[in-house]
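Asker: generate coordinates for the sequence data below:
(one chain, ligands or ions: 1)
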Amino acid sequence: MKIDILTLFPEMFTGVLGSSILKKAEEKEAVSYSVENFRRFSKNKHHAVDDYPYGGGAGMVLQPQPIFDAVSHLTEKTDTKPRIILLCPQGERFDQRKAEELAQEKHLIFICGHYEGYDERIREHLVTDEISIGDYVLTGGELGAMVVIDSVVRLLPGVLGNENSPIHDSFSTGLLEHPHYTRPADFRGMKVPDVLLSGNHAKIAEWRKEQSLKRTRERRPDLLE
Ligand SMILES: C[S@@+](CC[C@H](N)C(=O)[O-])C[C@H]1O[C@@H](n2cnc3c(N)ncnc32)[C@H](O)[C@@H]1O
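Answerer: I've put the predicted structure just below:
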């Protein structure tokens, strides 16, 4: 998978893309990242990318020209049809189903906004998806893009390895995952459930399924509906 990120703050991505699973995924050639400052596509002599809103009001609005040209630059040499994703609080609420859907794609382009928002023509004529990471307002789309990229890349084949397969994770099964325990079996009087020490794999699987259902019922009954 190829992931292109358009942002005014490329340095924000250095730590996240260069660490942990996202870094390993690139080393395994499951993904390649490019982070581009779309200011470099501005045709304005001061390299401005924003302007005052027509009709007045607070805040600056990102202009269409630098973003349209940056996307053309990313797509002109490829024959893949990328998903062009705009991060915005008014978009479709992101979830595991959407991560699974995006993980099937070959090429994703993320557009990170800032300031008051985007010129509406970007939404209407350029993007294929508008994604919100939740009902709150962030300063910019960068953190949203990182959240989406992390959840998509860990689903790519070979990235997590078999024993860490994401198929058992919360939401992938439609339920929350069961509780986990590790050594010691008795920590300051707090004991690991006997069944997990029993060695009886059928019983362990049954216990995990029950716990998973119980957790989901208690914490996220909406998932059972
Ligand atoms: C300050 S916000 C603009 C909010 C806009 N004025 C509104 O009310 O819808 C600036 C940028 O942050 C990003 N952003 C803010 N909240 C977000 C969210 N919940 N999910 C994804 N991106 C978000 C978007 O890229 C947005 O253009």
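
Asker: give me the most central residue, the protein.
Answerer: Within the chain, one residue has its C-alpha closest to the average C-alpha position: by CA atoms, centre = their mean, that is residue 148, at 0.6 Å.

Asker: and that one, backbone torsions?
Answerer: According to degrees, to the nearest 10, the main-chain angles of residue 148 amount to phi -70, psi -50.

Asker: likewise for residue 132?
Answerer: Torsion angles, degrees, to the nearest 10, at residue 132: phi -110, psi 140.

Asker: ditto for residue 29
Answerer: Backbone torsions of residue 29, given as degrees, to the nearest 10, read phi 60, psi 30.

Asker: that one: neighbouring residues, count only.
Answerer: By the measure other CB atoms under 10 Å, the count of residues near residue 29 is 8. (Each C-beta comes from the backbone N, C-alpha and C, glycine too.)

Asker: got a pLDDT number for it?
Answerer: With respect to pLDDT, residue 29 scores 98.

Asker: count of residues packed around the closest residue in space to residue 114 that isn't next to it in sequence?
Answerer: Counting by CB to CB, 6 or more residues apart in numbering, residue 114 lies nearest to residue 140, which is 4.4 Å off, once chain neighbours are set aside. For residue 140, the neighbour count with other CB under 10 Å is 16.

Asker: mind listing what residue 140 touches?
Answerer: Contact analysis of residue 140 by CB atoms under 8 Å, 6 or more residues apart in numbering lists 7-9, 112-114.

Asker: just these that are near the ligand?
Answerer: 112-114 (CB under 6 Å from any ligand atom).

Asker: next up, the contacts around the residue nearest to the centre of the chain.
Answerer: 85, 87, 94, 99, 102, 110, 131, 133.

Asker: tell me the one among these nearest to residue 36.
Answerer: Nearest to residue 36, judged by CB to CB, of those is residue 110 at 10.3 Å.

Asker: need the next SSE after the single longest strand found in the chain, C-terminal direction.
Answerer: Scanning the chain for the longest strand, with DSSP state E as the assignment, gives strand 83-93. The helix or strand immediately downstream of strand 83-93 is helix 96-102, counting by DSSP states H and E.

Asker: how about that following helix, does it get close to the ligand?
Answerer: No: looking at helix 96-102 against the ligand by CB under 6 Å from any ligand atom, there are no contacts, and the closest approach is 12.6 Å.

Asker: ok, then the element right after that helix?
Answerer: Tracing the chain C-terminally past helix 96-102 and defining elements by DSSP H and E, one meets strand 107-111 next.

Asker: that following strand pairs with which strands, and in what direction?
Answerer: Sheet pairing of strand 107-111 (DSSP bridges) gives strand 2-7 (parallel), strand 83-93 (parallel).

Asker: report the rounded mean pLDDT for that strand.
Answerer: When pLDDT is averaged along strand 107-111, the result is 98.

Asker: who are the contact partners of residue 58?
Answerer: Applying CB under 8 Å, 6+ apart, we find residue 58 in contact with residue 116.

Asker: gap between residue 86 and residue 96?
Answerer: Residue 86 sits 20 Å away from residue 96, going by CB to CB, to the nearest Å.
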